[in-house]
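[1] predicted model and sequence below, questions to follow.
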Amino acid sequence: MFESLGERLAAALKKITGKGVLRSEDVDAALREVRLALLEADVNFKVVKDFVERVRARLVGAEISPGLTAPQTVVKAVNDELVDLLGGNAEGLRYAPQPPTVVMLVGLQGSGKTTTAVKLALIARRDGHRPLVAALDYRRPAAVEQLRTLAEREKVAFHTSPGAVESIARNAIAEANRLNSDVVILDTAGRLHVDADLMDELKQLKSAVPVTETLLVADSMTGQEAVKVGEAFGQAVGLDGVILTKLDGDARGGAALSLRAATGQRIRFAGTGEKPQDLEVFLADRMASRILGMGDVLSLIEKAERNLDTEKAAEVERHLRAGQLSFDDFLAQIRQLRGMGSLEGMLDMIPGAGGLKGQLAGADTEKEMRRMEAIILSMTPRERAHPELIDGARKRRIAQGSGVQPADINRLIKARDAMQKMARQLGRQGGKRIGLPRIYGQGGAGW
Ligand SMILES: Nc1nc2c(ncn2[C@@H]2O[C@H](COP(=O)(O)OP(=O)(O)O)[C@@H](O)[C@H]2O)c(=O)[nH]1
Ligand SMILES: [Mg+2]
């Protein structure tokens, strides 16, 4: 799917040769191709119009970033806007602080609810939870049996019982309590079309049991129809996100690209096949590079941008070597890491750091980085330059200023100390360039 956008863009970019400043006729030509490709992919007309304008605003008269060529600058702008359009990267399942977590799946018949119920159960299990799936489609005995069979095959606990949907859901939760299951996934009935009866039933169900999240399962192959369905369910039942299925098919991609902008709903997961393992947390950046089909170009662009930061990195390194790593240096590091995307992705690029990934799994590194940033920004310039000045009273003030606990300040200070210490050790080991990310990754102060 989406082949055409990458191909069209590549063709348009071949014609761009301008150096220094992008010529508006080149931008126009590239954007014409982007527009056509998106419309061909069945993206909502208005979404396309806004998208193209946003890319244009980024590009017209823009200087070409040092280190990038003119075509690369265009690819980067399109890519960044695509990531935005897709609503950024999603998180996985949200678990209720008080179990059980109840996930209610809704959607039209055939969209993939039953299959997805079991796929989500496997994700919950991978996250260390004990899932149970419940069949609420009492009108279609075959649908109940379908879920039972899939659940049995994957050894996932299963529940169904006679009666109205509210009572099946309550029974399922009671059964989960008995079985010590802490995640209950409700597979509801679908209809061929959006209809008022179904919406009423789902609304009642939702008010009868403590639903943690309501997720719409939508078939990406249905294109703009999926967007309409998203709007209808969002208004009638209320949604916490959308699971787009059948992205492995030959869908033209319009649903994925329009959903967020047209309905405000976030895409949370992507179904990529019929097997129970074929469900992924939706990653906008991965999707964007798949759409553009320019993964190679994008990683080249990233590399070029990283090089721009080498000057700052050299300064940090001087401070590290002198044992004077300031919080300003630390902040620069954090920002650089954030700019590079996820910490996990970054670890992929560092030889030998694979093992650290396991330790990070599940940790919300993005949130931690934001928190560290907030703490550092609450320090005075003097405190940043001289971390040793930060005593108990200052810690309390900084904690208040950044809305965290003093313990968080201690963790940050420990992380800095660890980075500093690691640098000294590595420095002693030989004259090799100190790899900051390595130090950061091995700091192990709990960040
Ligand atoms: N290729 C592919 N097929 C899927 C995906 N999700 C569901 N399906 C298939 O779509 C069909 C309908 O799925 P089902 O779970 O029964 O839909 P429901 O009526 O909403 O419960 C089944 O044949 C599934 O195997 C997906 O992500 N990719
Ligand atoms: Mg079903």
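    Structure received. Numbering: from 1, shown residues only. Ligands and ions are numbered 1, 2, ... in the order given.

[2] all strands of the protein, in order?
    For the chain, the strands defined by DSSP state E occupy 101-106, 131-135, 157-159, 183-187, 213-219, 241-245, 267-271, 279-281.

[3] can you redo those strands as TSV with distance to Ile390, mean neighbour count and mean pLDDT?
    C-beta here means a position set from N, CA and C on the backbone, and glycine is covered the same way. Output for the strands of the chain, formatted as TSV (distance: least, C-beta to C-beta, whole Å; neighbours: other C-beta atoms under 10 Å; pLDDT from 0 to 100):
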stretch	distance to Ile390	mean neighbour count	mean pLDDT
strand 101-106	39	24	98
strand 131-135	45	27	98
strand 157-159	50	23	98
strand 183-187	42	28	98
strand 213-219	40	25	96
strand 241-245	41	27	95
strand 267-271	40	24	94
strand 279-281	37	18	92
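
[4] would you tell me which of those gets closest to Arg321?
    Of all the strands of the chain, strand 279-281 sits nearest to Arg321, with 39.6 Å by C-beta to C-beta.

[5] list of residues touching that closest one?
    89-92, 116, 119-120, 122-123, 243, 268-272 (C-beta atoms under 8 Å, 6 or more residues apart in numbering).

[6] nearest to ligand 2, of the strands of the chain?
    strand 183-187 (6.0 Å; C-beta to the ion).

[7] wouldn't Pro131 be in contact with Phe158 here?
    No - taking C-beta atoms under 8 Å as the definition, Pro131 is not a contact partner of Phe158, at 10.1 Å.

[8] count of residues packed around Val43?
    Using other C-beta atoms under 10 Å, Val43 is surrounded by 27 other residues.

[9] give me every residue that touches it.
    Neighbour list for Val43: Phe51, Gly253, Gly254, Leu257, Ser258 [criterion: C-beta under 8 Å, 6+ apart].

[10] how does it look with 7 Å?
    The contact partners of Val43, taken as C-beta atoms under 7 Å, 6 or more residues apart in numbering, are Gly254, Leu257, Ser258.

[11] any idea of the pLDDT on it?
    Reported pLDDT at Val43 in the predicted model: 85.

[12] distance of it relative to Asp248?
    19 Å (C-beta to C-beta, to the nearest Å).

[13] cool, and Gln333?
    According to C-beta to C-beta, Gln333 and Asp248 sit 38 Å apart.

[14] please apply the same query to Leu86.
    17 Å.

[15] which of those two has more residues huddled nearby?
    The neighbour comparison of Leu86 against Asp248 (other C-beta under 10 Å) goes to Leu86, with 24 against 14.

[16] isn't the more buried one right up against Leu259?
    No - with contact defined as C-beta atoms under 7 Å, Leu86 does not count as touching Leu259 (8.7 Å).

[17] list residues touching both of those two?
    Ile267.

[18] ok, now which ones touch Ala135?
    Taking C-beta under 7 Å, 6+ apart, one finds Ala143, Val144, Leu147, Arg148, Thr160, Asp187 in contact with Ala135.

[19] show me what it is bridged to.
    Beta-bridge pairing of Ala135 under DSSP bridges involves Asp187.

[20] give me the buried subset of the contacts of Ala135.
    Among the contacts of Ala135, those classed as buried by neighbour count (16 or more other C-beta atoms under 10 Å) are Ala143, Val144, Leu147, Thr160, Asp187.

[21] tell me which of those residues fall in helices.
    When the buried ones among the contacts of Ala135 are checked against helices (DSSP state H), the matches are Ala143, Val144, Leu147.

[22] distance to Ile409 and pLDDT added to those, as CSV?
    Shown next, in CSV, are these (distance: C-beta to C-beta, whole Å; pLDDT from 0 to 100):
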residue, distance to Ile409, pLDDT
Ala143, 54, 91
Val144, 54, 94
Leu147, 49, 97
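
[23] ligand 1 next: which of the residues you listed are close?
    Near ligand 1, taking C-beta under 6 Å from any ligand atom as the test, no member of those is found.

[24] for those residues, which one is nearest Gln224?
    Checking those against Gln224 by C-beta to C-beta gives Ala143 as the nearest, at 26.5 Å.

[25] pLDDT of stretch 316-335, averaged?
    Averaged across stretch 316-335, the pLDDT comes to 76.

[26] mind listing what's buried along it?
    The neighbour-count check on stretch 316-335 (16+ other C-beta under 10 Å) flags 316-317, 319-320, 325-334 as buried.

[27] close to ligand 1: what parts of the chain are there?
    Applying C-beta under 6 Å from any ligand atom, one finds that the chain approaches ligand 1 through 107, 109-115, 190, 217, 245-246, 248-249, 271-274, 278.

[28] then stretch 220-231 to CSV, C-alphas only?
    Extracted C-alpha coordinates of stretch 220-231, given in CSV (Å, rounded to 0.1, in the frame of the first residue of the first chain):
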residue,chain,number,x,y,z
SER,A,220,-8.7,0.2,7.0
MET,A,221,-9.7,-1.4,3.7
THR,A,222,-13.0,0.5,3.9
GLY,A,223,-11.2,3.8,3.5
GLN,A,224,-13.3,6.9,4.1
GLU,A,225,-16.1,4.6,5.4
ALA,A,226,-13.8,3.9,8.4
VAL,A,227,-13.6,7.6,9.0
LYS,A,228,-17.4,7.9,9.0
VAL,A,229,-17.7,5.0,11.4
GLY,A,230,-15.1,6.6,13.7
GLU,A,231,-17.2,9.8,13.8
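
[29] still on that earlier bit, restricted to buried residues, select the residues of the chain next to ligand 1 in ChimeraX.
    The ChimeraX command for the buried members of those (criterion: 16+ other C-beta under 10 Å) is given here:
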select :107,111,112,113,114,115,190,217,245,246,271,272,273,278
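
[30] which of the residues of the chain next to ligand 1 fall within helices?
    Secondary structure from DSSP H places Lys113, Thr114, Thr115 of these in helices.

[31] just checking, the first one touches Leu186?
    In this case it means Lys113. No - assessed by C-beta under 7 Å, Lys113 is found out of contact with Leu186, at 9.6 Å.

[32] from the ones in helices among the buried ones among the contacts of Ala135, which single one is nearest ligand 2?
    Closest approach between these and ligand 2, by C-beta to the ion: Ala143, at 4.4 Å.

[33] where's that closest one relative to Glu166, distance?
    For Ala143, the distance to Glu166 - C-beta to C-beta - is 18 Å.

[34] swap in Ala12?
    Distance from Ala12 to Glu166, by C-beta to C-beta: 55 Å.

[35] who has more neighbours out of these two?
    Remark: of Ala12 and Glu166, Ala12 carries more neighbours, 22 against 16, as counted by other C-beta under 10 Å.

[36] OK, contacts around the residue of the chain found nearest ligand 2?
    For the chain, the residue closest to ligand 2 is Thr114, as judged by C-beta to the ion, at 3.3 Å. Contacts of Thr114 were listed using C-beta under 7 Å, 6+ apart, and they are Ala143, Gln146, Leu147, Leu150, Asp187.

[37] how does it look with 6 Å?
    Shown in contact with Thr114 (C-beta atoms under 6 Å, 6 or more residues apart in numbering): Gln146, Leu147, Asp187.
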